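Pasted the sequence and its predicted model underneath.
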Amino acid sequence: MSLFAATGLAVASAWAVYGVGAALILAGALGVVLLHNPVHCALSLVTTIFGIALLFIDQGAYFLAAVQVIVYAGAIVILFLFVIMLLGVDKREARVAGQASSMVPLAVTVGLVAVIELLVLVRVHYWATGAKTTTGSLSGAGADVQKLGQSIFTSYLLPFEMTSALLVIAVVAAVTLVRRGGAPPPQAPPRKAAAALRPPARAPEAPSGATTAARQPASAGRPAAASSTRQEQAG
Amino acid sequence: MSVPGPWYLVLAAVLFGIGATGLVARRNILVMYMCIELMLNAVNLTFVTFARMLNDIGGQDAVFFILVVAAAEVVVGLGIIVAIYRRRAGATADDVNSLKG
């Protein structure tokens, strides 16, 4: 009798864990899609990530759950928030009303088609269940991280090394992209060209009041241009 | 003891669908990237579920590599976004249409 009660409790707790994880995941995902402020979207993404990590733990992927929280919540979402704060994008969600309303039915169609396709695949997933334990068994003695490490450093050693190259390339790409306009550093142009360029650059230098007056229209021109493009799109 | 695998697969499918919907519906480039992250997370959940169902560590290996690639993708993507915003503040995905035919 006690054994029966124990199994019943185990089943109930398993479903409870799954329910909490699913609720976190779906609430976070809907928040990302529906909320207007990008900061709120990023925080909803954190909710989804914690739900996924919970279900990872539920399925025995302890190391991946930890990495999920550290890499996603700790690095990627922080990077998102950093860019949001840096650029001041918050609350400037493009509510170009006409376009958004014309896009939503297409989006819902795409989402529904994706879900239906995947559900069909889940229904007929026997094609994926042919060969078991081709790279290594999940059950058996040893911790999860030990098996994962052994698999990565033996079967998947070459892909693992290639990810390091990928990360280096990504770092170089990010630095190259974000460097201001790709302009050459100040000491790069040869001295003669710099000397030739210098007088015309300094020629219009006038009393400070004139330069600020000349600068102001230029700086005011940018928002005007942006608003004109926005009006074009709204129209 | 945990819930049968297909329940996780269905949940991952729904999560993937929500991400795809958001990717098409939203116009803020940052939020579109977050929707891509949602879809990647759905795939990760599917991999871990299949790893459990098939008793195979290979699924968890795949998730490990997906995490690395997602990190690299976000770094490069956010670099592109910063470059776009520097050129035109407040840009949406519809403003980046220089290559439109």
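Here it is on my side, so go on. Predicted model only: the values in this text are computed from it and were never measured. Numbers count the residues shown, from 1 in each chain, chains lettered A, B, ... in the order given.

So what's the residue count around residue A:9?
Residue A:9: 11 surrounding residues under other CB atoms under 10 Å in any protein chain shown. Yep, even glycine has a C-beta here, placed from its N, CA and C like the rest.

Buried residues, the helix or strand where it lies. List them.
Taking DSSP states H and E as the definition, residue A:9 sits inside helix A:2-34. For helix A:2-34, burial by neighbour count (16 or more other CB atoms under 10 Å in any protein chain shown) applies to A:17-18, A:21-22, A:24-26, A:28-33.

what helices or strands is the lowest-mean-pLDDT helix or strand in chain B leaning on?
Least confident helix or strand, chain B: helix B:58-87 with a mean of 89, by mean pLDDT, DSSP states H and E. In terms of contacts (3 or more CB pairs under 8 Å, 6 or more residues apart in numbering or on different chains; DSSP states H and E), helix B:58-87 is packed against helix A:62-67, helix A:77-87, helix A:144-154, helix A:157-178, helix B:29-54.

Single out the most deeply packed of those helices.
helix B:29-54 (a mean of 23; mean count of other CB atoms under 10 Å in any protein chain shown).

and the angle from that helix to helix A:77-87?
180 degrees (axes from the mean of the first three to the mean of the last three CA atoms, to 10 degrees).

so does helix B:29-54 get close to chain A?
Yes. Using CB under 8 Å from any CB of the partner chain, a contact is recorded between helix B:29-54 and chain A, made by B:30-31, B:33-35, B:37-38, B:41, B:44-45, B:48-54.

quick one: that helix to helix B:58-87, angle?
Using the same axes, to 10 degrees: helix B:29-54 against helix B:58-87 is 180 degrees.

quick one: helix B:29-54 to chain centroid distance?
When C-alpha coordinates are averaged (CA atoms, centre = their mean, to the nearest Å), helix B:29-54 and its chain have centres 6 Å apart.

so what does that helix touch, helix or strand wise?
Judged by 3+ CB pairs under 8 Å, 6+ apart, helix B:29-54 is in contact with helix A:2-34, helix A:38-58, helix A:77-87, helix B:5-25, helix B:58-87.

now it: mean pLDDT?
Across helix B:29-54, pLDDT averages out at 91.

With stretch A:144-160 instead?
The model assigns stretch A:144-160 a mean pLDDT of 89.

does residue B:27 really touch residue B:94, like I thought?
Yes. Using CB atoms under 8 Å, residue B:27 is in contact with residue B:94, at 6.0 Å.

So the two - more neighbours on which side?
Relative neighbour count places residue B:27 above the other of residue B:27 and residue B:94, with 20 against 15, counting by other CB under 10 Å.

tell me the SS of the more buried one?
coil (DSSP: H, G, I helix; E, B strand; the rest coil).

Torsion angles phi and psi at it?
Residue B:27 adopts backbone torsions of phi -110, psi -10, taken as degrees, to the nearest 10.

Kindly report the same for residue A:137.
Per degrees, to the nearest 10, the backbone of residue A:137 is at phi -80, psi 140.

now swap in the one 3 residues further on and tell me
Per-residue torsions, residue A:140: phi 110, psi -180 (degrees, to the nearest 10).

Tell me where the model's unsure across chain A.
Across chain A, the ranges flagged by pLDDT under 70 are A:1-4, A:89-101, A:125-135, A:180-235.

per the record, what domains does it have?
A:10-119, A:145-180 (automatic domain parsing).

can these go into TSV with extra columns for distance to chain B?
Shown next, in TSV, are the domains of chain A (distance: least, CB to the nearest CB, whole Å):
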stretch	distance to chain B
domain A:10-119	3
domain A:145-180	4
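
now the nearest residue to residue A:122 once chain neighbours are set aside: how far from residue B:47?
Leaving aside its sequence neighbours, residue A:122 sits nearest to residue B:9 (CB to CB, 6 or more residues apart in numbering or on different chains; 4.3 Å). Using CB to CB, to the nearest Å, residue B:9 is found at 11 Å from residue B:47.

just residue A:9 next, same as before
Taking CB to CB, one finds residue A:9 at 30 Å from residue B:47.

same thing with residue B:83?
Counting by CB to CB - residue B:83 and residue B:47 are separated by 32 Å.

Kindly report the same for residue B:7.
For residue B:7, the distance to residue B:47 - CB to CB - is 16 Å.

Could you do residue A:109 as well?
Taken as CB to CB, the span from residue A:109 to residue B:47 is 27 Å.

How about residue A:121?
Distance from residue A:121 to residue B:47, by CB to CB: 14 Å.

Backbone dihedrals for residue B:56, please?
According to degrees, to the nearest 10, residue B:56 has phi -140, psi 130.

should've said residue A:142
Torsion angles, degrees, to the nearest 10, at residue A:142: phi 100, psi 150.

What about it, how many residues nearby?
11.

Surely residue B:67 touches residue A:67?
Yes. Here residue B:67 reaches residue A:67: they are 6.0 Å apart, a contact under CB under 8 Å.

still on that earlier bit, between the helices and strands packed on helix B:29-54, which one is closest to residue A:154.
helix B:58-87 (10.6 Å; CB to CB).

list the buried ones in the closest one?
B:58-68, B:70-85.

Who are the contact partners of residue B:60?
When contacts are counted by CB atoms under 8 Å, 6 or more residues apart in numbering or on different chains, residue B:60 touches A:61, A:63-64, A:138, A:144, A:148, A:151, B:47-48, B:51.
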